[in-house]
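A.B. asks: sequence and computational prediction follow.
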Amino acid sequence: VVSYVSIGVEVPTQFPAIDICNHNAYDGNATRDIMRDILSKSNLTVDSVNSLLEYSDLADDYFKSVFENKSLHGELDTYDLGFYLSQMLISCEYQGEPCSHSDFYWFRDYNYGNCYRFNGDDPDQMRKGHNNNDHVFKSKKSRLSSRPGHGLRLELYVGDPITQQQFTYESGIRVIIHNQSIVPLPDSSAGIDVTTGFLTNIGIRRNFVYKLPKPYNDCICNLNDTTSYDSNEYTEEIRQMIASKKMRVYQQDICLKLCNRDYFRRQCGCIDFSLLMLETNKNLTRCYSDRQIECLNQANINYFNTDEFTNCYAKCPLSCHSIDYETKITMSEYPTLWYANLFKSAYKFIDYKKFYGQTPTFDLIKKTTLVVNIFYESITYSSISEHPVMPFDLLLSSLGGYLGLFTGSSLLTFVEVIEFFILTALFVHKFRKTNLNSSCGSSGSNKLSTTNNGQQKNGNNKNKKKEDDDDDKQIITTSNNHHQTKF
């Protein structure tokens, strides 16, 4: 296999889908009392763990499992536990023009809670049951300019550090840049974390990858063509997910999640709530109790430290075709003191009381606010495609050329050889047929000759007998005449 890299230009260029998720999955103002009640009923204490980070992680696992379980039974709506986009989005610009929360739509992630997608093109995944503007879908394209101000610029508030950022040790925004055809997983390595107190520039460039299917690579090109890959236990389930609009095309990371889910099920007898979106069987047991959550945490550690991780990669090959976004990230401090003063005074543009509840100080703005620019660093794109080093037609051509060079043979020679064998076969067949007919004719002639000879022999015997009778008669006549002469 040989790879070819080509560089192209597309104007206008399709702008990718942008997902934003708050690192703090739950608004402390809405969940503080519930979280404290959950911790009081659990066996989790600071003395029972090895570090404060572990304590925070386990507490977060307890919160999410309880919230998800209550949501499944209709006891609460997890949408109301997290941050609304209207609580986070201070300002929005796309290609130099204003945008708002109506240009995003909502989706839920187990680890990050409420997430919002800009420029997504799958209305079937839009939030149902909430009649607000957080879930409106629009699709746009970028312009020729690749300067930071001509992509998507967001100014975001992550929540009050005292009242809203509860039971978490990190703050910031998770940004996922992806093509509209895939369903991203925010907790995957494709995400980018942007932090408060900084302006983050993310320059992107689009890459197309086209790999050859089996036998050249172990990758999946078309799920419906089972001859193009080695079938595995998850392909049928992924087909069902595509049919139910949960995803559009095969994705390796989704397949790995399914494999991870089965490992947890074997170890703990239940499935992780974070994998619930992938489950088609709604009757399976979810991990909810303290014992099950502890089992999940231990199984997750064992999964990456045993052969299970490698086995899952063996069961889940790459996709043959993919669209990736290469990123280049730069950062600078935000805001300046001058901008912070302008921020507080320009009430026409920013209703700071809506976010901060009071006139924010410079330090408060720096601890709770960030800016992210996402733009095309270049309007060019790269395409990486694989081709066989020697296709079958080229192989035949080369073989004929070498035979002609070293042996003086040509295609006509092969035709003549084939013709010789065909003519020989026809001659042998004709010869055998002729001999068979000759054998049959000789056998009949011999039989006829024998019959004629027998008949001729019988005739000769009759003639001989007749001659003998005539001789006897002549002898008797002669004897009588002799006697008559004597007397």
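C.D. replies: Structure's in. What do you need?
A.B. asks: low-confidence ranges, the protein, go.
C.D. replies: Along the chain, the parts satisfying pLDDT under 70 run over 121-149, 189, 226-232, 245, 275-284, 347-349, 409, 411, 437-487.
A.B. asks: SS state for Gly74?
C.D. replies: Secondary structure, DSSP: H, G, I helix; E, B strand; the rest coil: Gly74 is coil.
A.B. asks: heads up, I number from 50, so please use that
C.D. replies: In the new numbering, first residue 50, that becomes Gly123.
A.B. asks: how much space separates it from Tyr165?
C.D. replies: 24 Å (Cβ to Cβ, to the nearest Å). C-beta coordinates here come from the backbone N, C-alpha and C atoms, glycine included.
A.B. asks: between those two, which one's more packed in?
C.D. replies: The residue with more neighbours, out of Gly123 and Tyr165, is Tyr165; 24 against 7, by other Cβ atoms under 10 Å.
A.B. asks: distance of the more buried one from Leu203?
C.D. replies: In terms of Cβ to Cβ, Tyr165 sits 10 Å off from Leu203.
A.B. asks: next one: Phe153
C.D. replies: Taken as Cβ to Cβ, the span from Phe153 to Leu203 is 10 Å.
A.B. asks: okay, and the common contacts of these two?
C.D. replies: The overlap between the contact sets of Phe153 and Leu203 (Cβ atoms under 8 Å, 6 or more residues apart in numbering) consists of Leu138.
A.B. asks: before we move on, back to that, any shared contact partners between Tyr165 and Leu203?
C.D. replies: In contact with both Tyr165 and Leu203: Ile69, using Cβ under 8 Å, 6+ apart.
A.B. asks: residues near Thr284, how many?
C.D. replies: Neighbour tally, Thr284, other Cβ under 10 Å: 19.
A.B. asks: now do it against Gln144, distance only.
C.D. replies: Taking Cβ to Cβ, one finds Thr284 at 40 Å from Gln144.
A.B. asks: the strand or helix carrying Tyr312: which residues count as buried?
C.D. replies: Assigned by DSSP states H and E, Tyr312 belongs to helix 301-317. In terms of neighbour count (16 or more other Cβ atoms under 10 Å), helix 301-317 has its buried residues at 302-314, 316-317.
A.B. asks: what are the C-alpha coordinates of the next helix or strand after it, in PDB please?
C.D. replies: The helix or strand immediately downstream of helix 301-317 is helix 339-354, counting by DSSP H and E. Taking C-alpha atoms only, helix 339-354 is exported to PDB below (Å, rounded to 0.1, in the frame of the first residue of the first chain):
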ATOM      1  CA  ASP A 339     -22.300   1.700  47.000                       C
ATOM      2  CA  ARG A 340     -21.000  -1.800  46.400                       C
ATOM      3  CA  GLN A 341     -21.700  -1.600  42.700                       C
ATOM      4  CA  ILE A 342     -20.000   1.800  42.400                       C
ATOM      5  CA  GLU A 343     -16.900   0.600  44.200                       C
ATOM      6  CA  CYS A 344     -16.900  -2.500  41.900                       C
ATOM      7  CA  LEU A 345     -17.100  -0.200  38.800                       C
ATOM      8  CA  ASN A 346     -14.200   1.900  40.000                       C
ATOM      9  CA  GLN A 347     -12.000  -1.200  40.600                       C
ATOM     10  CA  ALA A 348     -13.100  -2.700  37.300                       C
ATOM     11  CA  ASN A 349     -12.200   0.500  35.500                       C
ATOM     12  CA  ILE A 350      -8.700   0.300  37.000                       C
ATOM     13  CA  ASN A 351      -8.300  -3.400  36.000                       C
ATOM     14  CA  TYR A 352      -9.600  -2.700  32.500                       C
ATOM     15  CA  PHE A 353      -6.600  -0.600  31.600                       C
ATOM     16  CA  ASN A 354      -4.100  -2.700  33.500                       C
END
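A.B. asks: which residues sit against helix 339-354?
C.D. replies: Here helix 339-354 has contacts from 91-93, 107, 110-111, 114, 309, 312-313, 316-319, 321, 336, 357-358, using Cβ under 8 Å, 6+ apart.
A.B. asks: redo that, cut-off 7 Å
C.D. replies: Here helix 339-354 makes contact (Cβ atoms under 7 Å, 6 or more residues apart in numbering) with 91-92, 110-111, 114, 309, 312-313, 316-317, 319, 321, 336, 358.
A.B. asks: for stretch 91-104, same thing?
C.D. replies: Contacts for stretch 91-104 (Cβ under 7 Å, 6+ apart): Leu107, Ala108, Tyr111, Tyr218, Asp339.
A.B. asks: can I assume the third one sits in a helix?
C.D. replies: Yes: under the criterion used here (three-state DSSP), Tyr111 sits inside a helix.
A.B. asks: for it, what are its contacts?
C.D. replies: Ile87, Ser91, Leu93, Ile342.
A.B. asks: how near is the last one to Asn354?
C.D. replies: Right, Ile342. Distance from Ile342 to Asn354, by Cβ to Cβ: 19 Å.
A.B. asks: the two - which one has more neighbours?
C.D. replies: More crowded of Ile342 and Asn354, by other Cβ under 10 Å: Ile342, with 23 against 9.
A.B. asks: which SSE is the residue lying closest to Leu107 once chain neighbours are set aside in?
C.D. replies: Distance criterion Cβ to Cβ, 6 or more residues apart in numbering; nearest residue to Leu107, sequence neighbours excluded, is Leu93 at 5.6 Å. Using DSSP H and E, Leu93 sits in no helix or strand.
A.B. asks: the helix holding Tyr312 packs against which elements?
C.D. replies: Applying 3 or more Cβ pairs under 7 Å, 6 or more residues apart in numbering; DSSP states H and E, one finds that helix 301-317 makes contact with helix 284-292, helix 339-354, helix 357-364.
A.B. asks: so what touches the last one?
C.D. replies: I take that to be helix 357-364. Against helix 357-364 from outside (Cβ under 7 Å, 6+ apart): Asn281, Glu282, Tyr283, Leu305, Cys308, Asn309, Tyr312, Tyr352.
A.B. asks: tell me who's in contact with Ser140.
C.D. replies: Glu204 are the contacts of Ser140 under Cβ under 7 Å, 6+ apart.
A.B. asks: recalculate using a threshold of 8 Å.
C.D. replies: With contact set as Cβ under 8 Å, 6+ apart, Ser140 has these partners: Arg202, Leu203, Glu204, Phe398, Ile399.
A.B. asks: what's the helix or strand for it?
C.D. replies: Using DSSP H and E, Ser140 falls in strand 138-143.
A.B. asks: okay, now the sheet partners of that strand, with direction.
C.D. replies: Paired neighbours of strand 138-143 in the sheet (DSSP bridges): strand 146-147 (antiparallel), strand 201-206 (antiparallel).
A.B. asks: got CSV for these, with mean neighbour count and distance to Ser140 too?
C.D. replies: CSV is the format used below for these (neighbours: other Cβ atoms under 10 Å; distance: least, Cβ to Cβ, whole Å):
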stretch, mean neighbour count, distance to Ser140
strand 146-147, 8, 8
strand 201-206, 22, 4
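A.B. asks: circling back: which one of the contacts of Ser140 sits closest to Lys415?
C.D. replies: Glu204 (13.2 Å; Cβ to Cβ).
A.B. asks: verify the contact between the closest one and Thr418 for me.
C.D. replies: Yes: the criterion here is Cβ atoms under 8 Å, and Glu204 meets it with Thr418 at 7.0 Å.
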